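Enquirer: Dropping a prediction and its sequence here:
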Amino acid sequence: MPAVSKGDGMRGLAVFISDIRNCKSKEAEIKRINKELANIRSKFKGDKALDGYSKKKYVCKLLFIFLLGHDIDFGHMEAVNLLSSNKYTEKQIGYLFISVLVNSNSELIRLINNAIKNDLASRNPTFMCLALHCIANVGSREMGEAFAADIPRILVAGDSMDSVKQSAALCLLRLYKASPDLVPMGEWTARVVHLLNDQHMGVVTAAVSLITCLCKKNPDDFKTCISLAVSRLSRIVSSASTDLQDYTYYFVPAPWLSVKLLRLLQSYPPPEDAAVKGRLVECLETVLNKAQEPPKSKKVQHSNAKNAILFETISLIIHYDSEPNLLVRACNQLGQFLQHRETNLRYLALESMCTLASSEFSHEAVKTHIDTVINALKTERDVSVRQRAADLLYAMCDRSNAKQIVSEMLRYLETADYAIREEIVLKVAILAEKYAVDYSWYVDTILNLIRIAGDYVSEEVWYRVLQIVTNRDDVQGYAAKTVFEALQAPACHENMVKVGGYILGEFGNLIAGDPRSSPPVQFSLLHSKFHLCSVATRALLLSTYIKFINLFPETKATIQGVLRAGSQLRNADVELQQRAVEYLTLSSVASTDVLATVLEEMPPFPERESSILAKLKRKKGPGAASALDDGRRDPSSNDINGGVEPTPSTVSTPSPSADLLGLRAAPPPAAPPASAGAGNLLVDVFDGPAAQPSLGPTPEEAFLSELEPPAPESPMALLADPVPAADPGPEDIGPPIPEADELLNKFVCKNNGVLFENQLLQIGVKSEFRQNLGRMYLFYGNKTSVQFQNFSPTVVHPGDLQTQLAVQTKRVAAQVDGGAQVQQVLNIECLRDFLTPPLLSVRFRYGGAPQALTLKLPVTINKFFQPTEMAAQDFFQRWKQLSLPQQEAQKIFKANHPMDAEVTKAKLLGFGSALLDNVDPNPENFVGAGIIQTKALQVGCLLRLEPNAQAQMYRLTLRTSKEPVSRHLCELLAQQF
Amino acid sequence: MIKFFLMVNKQGQTRLSKYYEHVDVNKRTLLETEVIKSCLSRSNEQCSFIEYKDFKLIYRQYAALFIVVGVNDTENEMAIYEFIHNFVEVLDEYFSRVSELDVSFFNTVFHSTWQAHSSTEIGSCFITQAGVQRCNHGSLHAGSLGLKL
């Protein structure tokens, strides 16, 4: 090793290293190291003062030992001593040791900082550089605090040497990245920009790095750098291949600096000054021209360096996205690379082209390369390149080439690597949906997808096809026919069975006319798959069977036979068992009319953001879905579901519903076996313990029955899977708006109405309560014409409300289009008495600005009131029983509203209690009774309201078995009059 | 932006590592193992860029030694790719025909060289040509490192 063995090397170190190198075993090496450590220790401890050379040698050995992976616990002091040496080599080793082995020993840090300070002030450029390097290497906060103010000064000082300026710029960059707050901005920033004009290329390079980072935060402070960067770039680009001497790399002038300048320009929009812009465009054209020139060297380094600049230039062109001519040229250049023999270039070209495809100027140009890209997908030997090709195909897809691209991707899927199959499946599904002109093609594509890569077809994909088929009646017959044919394959994927089961159950009647697909044939085809399927699929199939009974009465006997079989009725799985039991009963108890109502065709699905797209976005970062995100390229694009009117899903669902059986009025024992069966999965939440005799079938209940959850197999339920109320915690949400209490009061005595309204948003409420359960519908209306982004309403339980009230919310779409309304369903269960209402926090972005709103959800304890009728005698008896002082709450207050007996009556009824006539001797007075139902306990409650028309006053008395409830109810009610 | 720089041999031994973003010491070993595994699994026909978690690996192989640079997605892959080569050229000139042994036995030199190279100090995760070209044109040789072993 001639280069290192000559000169004033440290012989002792060389000997030690060669000893280590000659060690035959790990043990021998450790032995040798321990011997050396003992030697160094004794030398450091010895009486004789060591000269600089020995100190350097031993510190160097320690460093070497450390780098071999051994701990070093001494020698730091000696290293620090070396810092104050005047010899470069000694100082350098000292700094190296400290950079590598720094620890937070405060005593030492002080000494080190001192030495650095001295060196920074020394005006010796090499020493200053060493000190700056050390600061950058350690980069700790302490160092930053000590020196952050000095470095900008050194950087812009007129007399600093080039190498010092360079080190200072990089050191500052490092400190800024570690702790931006420590680096003070000031008048030096303007002077840093002028470093771009420096004679020394090294200084320019370092300055570009620094400015690129700093301007991210304060773009305006550094705006002047644009013109300087352009002129510097122009000088480099137009220089001859040898002009820059040291900075020419294989005949390419300053490649890395060019890349950095181009990168810096990407922090800003195109230059406003026409002259600067003209010059820049000229530069970009020159780079593109040079790519066409014959290479100045055959060496690969030459072309690599040249291409690095070229790719960065193309990035800038794409960033500006305003020069059609350049964009098309860039695209053509990349097109050449697509067929280059260098894999790296093909990869990078595909990657860049992907972003080019989303520009309106170059989209057409990109499309001309479709054959090459398809070929790459088929023949490329590197999976990452194939992946890029798939991404590019996805990005360049539009109406004109969708069929070709989708069919190529499907073909590729058969041989695709497992790692990217799921992504390709999602992409195919999205493209097929987005660009479907006729829906039979769409259905074919998705069924093919399931056939080819069933395992990779996620739920979102097949839910989506069901939604679309349900919403488009022109495709239903075709879909039924196609799935029927697909199911005839000897082995078909379970997802196919699911889709087939659902579609035949809904639309099997459309193909029943053909003897080849007559109802019994359909049924036996489906049932032949039944035993091979998982529980979820079998559950779905059972629902299909009951739908068949409705659609094709002739299959009733067969299907009842299947349901009656022991393997169903006594299935170990409760879900299957329950379905079998319920469906069997349903089919034998219900009349044809009832059956037809229960099993009516699914209503169209309300439109929401494609769940597949959301999934792809989650899976891949930005870029993958970008082409589809911005609709600008294809504004006329007509989503398959675009034409479907959002329909509230309040029409019947095919779930077997106890309420709909016409059994409602019957006494409790006649309730269907379902509620007695294992697991109340399907039972309406309102179907609580034996409906109270006092509650006849009222119009209200019709409303309730419509609200019952769809059967689990319905995609709607699966798509909008209920989530437990997300609890961001009270600290995450703002305090309720000032008028929240007032708004809440409006709802104490009523259940429906507008909860909140401002210029942007209207929130409507519709709610129903029975016993300790409630369901609330919140309607969020976007009053503007602009889409709300990231729309997220959440319910928060402040304090220990969590244990008192359970609120389940369903997710709503994150986007609310202008003028549109979304609804959110809340299931509420009162666990025990509570005083404060839950909070509703609504956040969204409107035109980029985040909006947040916190309201009180109109759920108060009186909502769980159960009115109780009783005779005067009973009333007084109970009144007396509740005679403890703490059980009574009384309030005397002035009337805020005109005192009208009818209005008062309505309010008391709205409050929830029963009004008892002929109880109070004074007919002017009102007397009420009720029970507050919670899961844990029931609170009996008696009230008496005595108006005094003369004084315009009321006296309100509440007696309940719980003190806080009395007081709370009293306060709530008092505000109503 | 460069996240880390690694020199790893085919046996998976790390010869030199430098991180520009904080990574726990025990996580580094894991990271290095995974990185070399993904590099070794690639053939000559495959490109030199690997998408790894949320960043990219750019690697070059010199005999049994891999040089791997981890970068975020805003970095110019080609520039880094060529930068690795530039670094190796500098080493080659300094050691006259550099080999893996040099890297392992002259670790300290390597630290200094890489520091000098990646533009005088590690802190800046930036390619500065300056460092490189100065090295190229002899200032390294003239003993500016002063570490003649």
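Expert: Looks like it arrived, so ask away. No experiment lies behind these values; they were computed from the predicted model shown.

Enquirer: mean confidence for the longest helix seen in chain B?
Expert: For chain B, the longest helix by residue count, based on DSSP state H, is helix B:77-95. The average pLDDT within helix B:77-95 is 84.

Enquirer: Buried residues of it, list them for me.
Expert: B:77-91, B:93-95 (16 or more other CB atoms under 10 Å in any protein chain shown). Heads up, the C-betas are built off the backbone N, CA and C, glycines and all.

Enquirer: again, but for stretch A:785-792
Expert: Buried residues in stretch A:785-792 (16+ other CB under 10 Å): A:787, A:788, A:791.

Enquirer: Go through those residues and name the one nearest residue A:776.
Expert: If you rank the buried residues of stretch A:785-792 by distance to residue A:776 using CB to CB, residue A:791 comes first, at 17.9 Å.

Enquirer: related to what we said a few turns ago, identify the intersection of the buried residues of helix B:77-95 with the contact set of chain A.
Expert: Filtering these for proximity to chain A by CB under 8 Å from any CB of the partner chain leaves B:77, B:78, B:79, B:81, B:82, B:83, B:85, B:86, B:94, B:95.

Enquirer: need the contact list for the first one.
Expert: Listed by CB atoms under 8 Å, 6 or more residues apart in numbering or on different chains, the contact partners of residue B:77 are A:311, A:344, A:348, B:48, B:49, B:56, B:58, B:71.

Enquirer: Please tell me how far it sits from residue A:216.
Expert: Plainly put, residue B:77 is 21 Å away from residue A:216 if you go by CB to CB, to the nearest Å.

Enquirer: Repeat that for the fifth one.
Expert: With distances taken as CB to CB, residue B:82 is found 25 Å from residue A:216.

Enquirer: And for the second one?
Expert: Between residue B:78 and residue A:216 the computed distance is 23 Å (CB to CB).

Enquirer: same question, the last one
Expert: With distances defined as CB to CB, the gap from residue B:95 to residue A:216 amounts to 39 Å.

Enquirer: Please identify which helix or strand holds the most centrally placed residue in chain A.
Expert: Residue closest to the average C-alpha location in chain A (CA atoms, centre = their mean): residue A:618, at 6.5 Å. Using DSSP states H and E, residue A:618 sits in helix A:611-619.

Enquirer: what is the rounded mean pLDDT of that helix?
Expert: On average, helix A:611-619 scores 71.

Enquirer: Check which residues of it are buried.
Expert: A:611, A:612, A:613, A:615, A:616, A:617.

Enquirer: For the second one, list the residues it contacts.
Expert: Counting by CB under 8 Å, 6+ apart, residue A:612 makes contact with A:426, A:429, A:430, A:433, A:460, A:461, A:464.

Enquirer: What strand or helix carries residue 39?
Expert: Here I'm looking at chain A. Going by DSSP H and E, residue A:39 is part of helix A:26-45.

Enquirer: ah, no, chain B please
Expert: helix B:25-40.

Enquirer: Not counting its own residues, what contacts that helix?
Expert: B:4, B:6, B:8, B:10, B:12, B:14, B:17, B:19, B:23, B:50, B:52, B:57, B:59, B:61, B:66, B:68, B:70.

Enquirer: related to what we said a few turns ago, so which of the buried residues of helix A:611-619 is the closest to residue A:45?
Expert: residue A:617 (64.5 Å).

Enquirer: in chain B, which ranges drop under the pLDDT threshold?
Expert: B:97-149 (pLDDT under 70).

Enquirer: If you could redo that for the stretch 51-200 of chain A, that was the one I meant.
Expert: Ranges of the stretch 51-200 of chain A meeting pLDDT under 70: A:103-106.

Enquirer: which bits of it sit near chain B?
Expert: So the stretch 51-200 of chain A meets chain B at A:60, A:63-64, A:67-68, A:88-89, A:92-93, A:96, A:99-100, A:129, A:132-133, A:136-137, A:139, A:163, A:166-167, A:170-171, A:173-175, A:177, A:200 (CB under 8 Å from any CB).

Enquirer: ranges for the strands of the stretch 151-300 of chain A?
Expert: A:248-249, A:252-253 (DSSP state E, counting those that start in this stretch).

Enquirer: tell me the most buried of those strands?
Expert: strand A:252-253 (a mean of 25; mean count of other CB atoms under 10 Å in any protein chain shown).

Enquirer: Break chain A into its domains for me.
Expert: Domains of chain A are assigned by the TED database as A:369-605, A:738-859, A:862-975.

Enquirer: deepest of those domains, which one?
Expert: The most buried one of these (mean count of other CB under 10 Å) is domain A:369-605, showing a mean of 19.

Enquirer: Is there contact, residue-wise, from that domain to chain B?
Expert: Yes. For domain A:369-605, a contact with chain B is found by CB under 8 Å from any CB, at A:381, A:382, A:383, A:384, A:385.

Enquirer: For the third one, give me its contacts.
Expert: Going by CB under 8 Å, 6+ apart, residue A:383 touches A:417, A:419, A:420, B:46.

Enquirer: and the two most separated of those?
Expert: The farthest-apart pair in the contacts of residue A:383, when distances are taken by CB to CB, is A:420 and B:46, at 14.8 Å.

Enquirer: next one: phi and psi at the closest residue to residue A:785 other than its chain neighbours?
Expert: Of all residues not flanking residue A:785 in the chain, residue A:818 sits nearest, at 3.9 Å (CB to CB, 6 or more residues apart in numbering or on different chains). Phi and psi for residue A:818, reported as degrees, to the nearest 10, are phi -60, psi 130.
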